[in-house]
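Asks: coords please:
(one chain, ligands or ions: 1)
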Amino acid sequence: TLLQLIRQLRGRLSLDKSQLKLEVGHIEPVRVRGDEESIRRIMLILLDNAIKYTQGKGEVGLITVSVERKQNEGVFHVQDTGIGIDPGDLPHIFERFYRADRARSQHGTGLGLSIAHTLAEQLGGRITAESVPGEGSTFSVWLPLARSQQ
Ligand code: ATP
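Replies: Okay, here's the model as predicted:
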């Protein structure tokens with residue numbers, strides 16, 4: 001399940017606990033279709049970004065992961081209280097090499113989200129993002145449910 005993946009990934013993240021808290025929020029026991037390695041890579045990219053763009057903000061941040069079922073899809077959310085994304089940048093963040101001005105103080109190549117986006121599409125799903133500049137962002141990964149759950 002997605003929860004098992006989240007638990008596994010927790011240990012692989014470079015969290016500075018004095019600056020950042022990672023919380024597991026509401027979790028519904030959803031099973032999604034798709035290979036575990038791809039889903040793990042998508043989660044890791046989103047969690048790495050949430051950490052990077054929250055830890056650098058200069059106040060104690062919070063990242064909350066949650067899982068829910070919405071109709072025929074399982075949705076995995078990564079919500080952060082980081083620097084946020086300007087509305088003008090939001091439509092472009094999944095493009096290769098795109099980096100918002102806000103993000104330039106952190107290292108990055110601008111490739112992570114385009115890879116995550118491609119992987120999600122290969123699994124028959126998608127990724128969406130919402131953000132309020134200065135307050136935080138929420139990335140959501142939508143994946144088709146496993147056949148046993150339909
Ligand atoms: P890398 O490929 O090393 O992850 P990156 O973080 O710059 O580098 P992407 O992961 O593709 O590249 O993200 C693209 C851009 O989207 C970032 O440069 C940043 O502007 C914005 N972004 C992504 N995630 C967040 C987030 N959680 N909070 C704020 N901005 C974000």
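
Asks: now stretch 62-77: buried residues?
Replies: Residues of stretch 62-77 classed as buried under the neighbour-count rule (16 or more other C-beta atoms under 10 Å) are 63, 64, 65, 66, 67, 68, 73, 74, 75, 76, 77. C-beta coordinates here come from the backbone N, C-alpha and C atoms, glycine included.

Asks: report the two of those separated the most.
Replies: For the buried residues of stretch 62-77, with distances taken as C-beta to C-beta, the pair at the greatest spread is 63 and 73 (22.2 Å).

Asks: endpoints of stretch 130-144, how far apart?
Replies: Stretch 130-144 has its terminal residues 21 Å apart, counting by C-alpha to C-alpha, to the nearest Å.

Asks: now check whichever strand or helix holds residue 46, is it near the ligand?
Replies: Secondary-structure assignment from DSSP states H and E places residue 46 in helix 36-55. Yes - for helix 36-55, a contact with the ligand is found by C-beta under 6 Å from any ligand atom, at 49, 50, 53.

Asks: who wins for most neighbours among these?
Replies: Counting neighbours by other C-beta atoms under 10 Å, the top entry in the residues of helix 36-55 next to the ligand is residue 50, with 27 neighbours.

Asks: and that one, how close does it get to residue 143?
Replies: For residue 50, the distance to residue 143 equals 19 Å [C-beta to C-beta, to the nearest Å].

Asks: about what we covered before: check which helices and strands the helix holding residue 46 sits against.
Replies: Counting by 3 or more C-beta pairs under 8 Å, 6 or more residues apart in numbering; DSSP states H and E, the packing neighbours recorded for helix 36-55 are helix 2-10, strand 20-27, strand 61-70, strand 73-80, helix 112-122, strand 136-144.

Asks: closest one to residue 102 among those?
Replies: Judging the helices and strands packed on helix 36-55 by C-beta to C-beta, what sits closest to residue 102 is strand 136-144, at 10.7 Å.

Asks: count of neighbours near residue 41?
Replies: The tally of other residues near residue 41 (other C-beta under 10 Å) stands at 15.

Asks: gap between it and the ligand?
Replies: 12 Å (C-beta to the nearest ligand atom, to the nearest Å).

Asks: then residue 85?
Replies: In this structure, residue 85 and the ligand are separated by 5 Å, where distance is defined by C-beta to the nearest ligand atom.
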